[in-house]
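Novice: Predicted model and sequence below, questions to follow.
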Amino acid sequence: MAKVLVVDDDPDFVKVTAKVLEKAGHEVVSAANGAKALKAMRQDTPDVVLLDIMMSYILDGLDVSREMADDPALAEVPVIMVTSLTGVTGSGMFPTDEYIPVDEWLSKPVEPEVLLARVEEASG
């Protein structure tokens with residue numbers, strides 16, 4: 001099974017997500033912001049990263065995914081962006097003219113079956 005890093009500043013989301021993943025046999029570690037996530041990844045590289053967009057600041061998650069893409073040790077780690085930003089109000093925040101290094105986008109709340117399927121696909 002996969003080692004999954006869950007990066008989110010919402011402790012309830014982290015707790016529920018960890019429970020779903022651990023029940024399926026995955027190992028879960030967590031970080032509450034981008035800086036802690038990058039530190040954790042550099043100490044022990046995960047198989048998959050579940051990454052929230054808005055944490056310490058509004059685009060924290062996007063900055064983490066870009067930094068991962070620029071780091072040869074982390075560039076191949078799959079990133080699943082999990083966000084509650086959907087629709088027209090959230091879409092204006094994202095840069096539309098540049099590449100965002102994310103393998104998958106999921107909207108919160110995420111159904112457990114969908115989460116498990118995406119993590120298992122990504123960790124392949």
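Specialist: Yep, that arrived. Numbering: from 1, shown residues only.
Novice: ranges for the strands of this protein?
Specialist: 3-7, 27-31, 48-51, 79-83, 104-107 (DSSP state E).
Novice: Sheet partners, orientation included, of the first one?
Specialist: Based on DSSP bridges, the strands next to strand 3-7 in the sheet, each with its direction, are strand 27-31 (parallel), strand 48-51 (parallel).
Novice: CA atoms only: put the last one into PDB for me.
Specialist: This file holds the C-alpha atoms of strand 48-51, laid out as PDB (Å, rounded to 0.1, in the frame of the first residue of the first chain):
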ATOM      1  CA  VAL A  48       1.300  10.300  -3.100                       C
ATOM      2  CA  VAL A  49       0.500  13.800  -1.800                       C
ATOM      3  CA  LEU A  50      -3.100  15.000  -1.100                       C
ATOM      4  CA  LEU A  51      -2.700  18.800  -1.100                       C
END
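Novice: Could you export the strands of the chain as TSV, including mean neighbour count?
Specialist: (C-beta placed from N, C-alpha, C; glycine too.) Listed next are the strands of the chain as TSV, based on neighbours: other C-beta atoms under 10 Å:
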stretch	mean neighbour count
strand 3-7	23
strand 27-31	18
strand 48-51	27
strand 79-83	22
strand 104-107	15
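Novice: so which of the ones you listed gets nearest residue 115?
Specialist: strand 104-107 (7.1 Å; C-beta to C-beta).
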